[in-house]
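Enquirer: Provide a 3D model corresponding to the input given below.
(3 chains)
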Amino acid sequence: MNAIEVKNLTKKYNDFTLDNISFYLPEGSIMGLVGENGAGKSTTIKLIMNAISRDSGEINVLGCDNQSPGFEKLKNEIGVVLDEAYFPEVITAANVNSIMKHTYSNWDEKAYFDYLNKFSLPKDKVFKDFSRGMKMKLAIAVALSHNPRLLILDEATSGLDPMVRDEILEIFNDFTRDERNSILLSSHIISDLEKICDYIAFIHKGRLMLFEEKDRLLEEYTVIKVSKSDFEALPPEAVKGKKVTNFCVEALVLKHKIPPSLETQHTTLEDIVLFLAKGDGR
Amino acid sequence: MKGLILKDIYTLIKQTRIILLLVIFFSITPGYSGASFAVVYGAMLPITALAYDERCKWNTLAAMMPYSARDMVLSKYLLGYITVGSATLLTVTAQTFIALFRNSDSAANDILSILFVALTGTVVLAVNLPIVFKMGVEKGRYIFMFLIAVFTIAVTAFGSRLGEIILNINISPWGFGICLLLAAVVLNVVSILISVKIFSKKAE
Amino acid sequence: MVLDIIISNTSGKPIYEQIYSQIKNHIISGNLKEGDMLPSIRTLAKDLRISVITTKRAYDELEKDGYIYTVAAKGCFVANKNTEIIREGMLKQIEDYMRKICELAPACNLSNEELIEMFRIIQEEENIP
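Expert: Model (predicted):
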């Protein structure tokens, strides 16, 4: 089963359009939603949760159409962390427990306080005195403490120091040890996504540029540095992006379509995404 | 829904201590006019709660939780009924004590007047909340002030004559109370329906 | 039993191939014996912090080539494959390559010492202990 299925999703605003997006997240896996700020990641996430309604297309979450009446109840099984929506300033972590106890039917108080301990979050400090890292960790603790089957996180790791980020990625990794659990994770920090994702979807200016299994991407694409004449000799369909300097051409190419004699560079997900975003093709 | 109200109560208790103290102060001020201030302040609290929601983008977060637009809206009305109700209860208790202490017999009348004010409080709530849901707290608050002003002027200007009219149309204060109660209930139900519509539409 | 699997992200070799060849080597070297249970796909993927899909691909390849078999709801086990024969075959291959070296070396005037030095350098480059 797919934890999330998005088909031909479109949402128009005056100054922005999310244009005909399709992807799916198989149960048990982690998908990274990559894209620059304003690319449409948060809009996609809000549409998936039906917090805003779509213009056209289909969205199924945990096997349920997200505009069907049953979806309201299904939200009990989805943990969401948003980038810039928080608890009221004067609320403490202990208050959050009481509020969530009456919000989620399957709230697990013990798990919540265990997470607070694990993240060394104070119970009685008010929210406005939390650092960004602490706010994010509190939101993640809440998201994990009602036995969710699906986690949706919008920029949950940005603005955090590397130690905390790694800690949080480890938690996501552990969460998906259970094959019924899935994660959709958006970030503009591609290296974080490269570490833990099974699938990558790349949104650029409201359009889906890429949706692929991560390791396949790294197997299929490579960066090469060649002379201009060598570059001209390449089959056009092999080239997915290029950067021309005075001395050489740096290009993103499909590995199996170039002569094996060409020396390939070590290629990261970030390279692939940057080439695709800048190049917009050849 | 209980979670939503709980969140507002935590926020209000911690963030609006002064208003809460004012409510208590006016409740125990002898006489009907001071007490009605307490109830009016009570009716303002849901709007204050909405202001704190706006500041931390709570609605965006709550949209991810198992809450419907109906829950979100209804919780603010319930909060209003709770605050108006508590202020009234406090006032009535305080005024009863004061009356006992002073051996005054105007107390019964005063208490009746306070109940009228409480019903008026819910009416103000019913008028104000849809406006705030539609236009946001800042504009909504000005309109609220305006309504209060109009109301106060009306009461001052026609208050005594209103009493005469009531006497003339030969309706008992109890009868008047029941009419006001019915009007308040109808207004609130209509208001809730409108607010839910507005709230759902905003999410698009 | 210690099952060393070391994934390199910079080697340029696909990750599923790295898992495939390392588990295969464990089986042929006798470190993993017939009937031994392999870590579940999910455990291995999460412990190595790699993709579940990739790990599954490696296991599928191993199964296809007869090194392991799957028991539904139980897990993956090392198959009854005559590892001795596989090892023999590999030794034969090594001998063949060495014969080639013996043929080519004199043409390049390479001494035995130089050949061994070359072998060491290649080992270092490939990070083989």
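
Enquirer: Tally up the residues packed near B:Tyr10, please.
Expert: Neighbour count for B:Tyr10, taken as other C-beta atoms under 10 Å in any protein chain shown: 20. (Each C-beta comes from the backbone N, C-alpha and C, glycine too.)

Enquirer: Are we agreed that A:Asp178 is in a helix?
Expert: No: secondary structure assignment (DSSP: H, G, I helix; E, B strand; the rest coil) places A:Asp178 in coil, not in a helix.

Enquirer: Do you know the pLDDT at the closest residue to it other than its chain neighbours?
Expert: Using C-beta to C-beta, 6 or more residues apart in numbering or on different chains and skipping the chain neighbours, the partner closest in space to A:Asp178 is A:Gly28 (7.9 Å). pLDDT, A:Gly28: 91.

Enquirer: so what's A:Lys46 up against?
Expert: For A:Lys46, the set of contacting residues under the criterion of C-beta atoms under 8 Å, 6 or more residues apart in numbering or on different chains consists of A:Ile52, B:Thr60, B:Ala63.

Enquirer: mind redoing it with 7 Å?
Expert: Neighbour list for A:Lys46: A:Ile52 [criterion: C-beta atoms under 7 Å, 6 or more residues apart in numbering or on different chains].

Enquirer: Over to B:Leu100?
Expert: For B:Leu100, no residue meets the contact criterion (C-beta under 7 Å, 6+ apart).

Enquirer: Could I get the buried residue list for stretch B:77-85?
Expert: Residues of stretch B:77-85 classed as buried under the neighbour-count rule (16 or more other C-beta atoms under 10 Å in any protein chain shown) are B:Tyr77, B:Leu78, B:Leu79, B:Gly80, B:Tyr81, B:Ile82, B:Thr83, B:Val84.

Enquirer: what do you get for stretch C:83-94?
Expert: Neighbour-count burial for stretch C:83-94 flags C:Thr83 (criterion: 16+ other C-beta under 10 Å).

Enquirer: Pull the distance from it to the chain's centre.
Expert: 13 Å (C-alpha atoms, centre = their mean, to the nearest Å).

Enquirer: okay, and for the chain, where does confidence drop off?
Expert: In the absence of a named chain, chain A is used. Applying pLDDT under 70 to chain A flags the ranges A:85, A:279-282.

Enquirer: sorry, should have said chain C
Expert: Using pLDDT under 70 as the threshold, the predicted model of chain C has low-confidence ranges C:1-2, C:127-129.

Enquirer: What residues does the residue nearest to A:Asp178 make contact with?
Expert: A:Thr176, A:Glu179, A:Arg180, A:Asn181, A:Ser182, C:Val52.

Enquirer: One more: B:Leu119?
Expert: B:Leu180, B:Leu181, B:Ala184.

Enquirer: got it, and A:Ile168?
Expert: Shown in contact with A:Ile168 (C-beta under 7 Å, 6+ apart): A:Ile140, A:Ala156, A:Thr157.

Enquirer: try 10 Å
Expert: If a contact means C-beta atoms under 10 Å, 6 or more residues apart in numbering or on different chains, then A:Ile168 has A:Val81, A:Phe119, A:Gly133, A:Met136, A:Lys137, A:Ile140, A:Leu153, A:Ala156, A:Thr157, A:Leu160, A:Asp192, A:Ile196 as its contacts.

Enquirer: Now do the SS call for the nearest residue to A:Phe119 once chain neighbours are set aside.
Expert: For A:Phe119, the nearest residue in space outside its immediate sequence neighbours is A:Lys137; the separation is 4.2 Å by C-beta to C-beta, 6+ apart. Each residue gets one of three states, and A:Lys137 gets helix by three-state DSSP.
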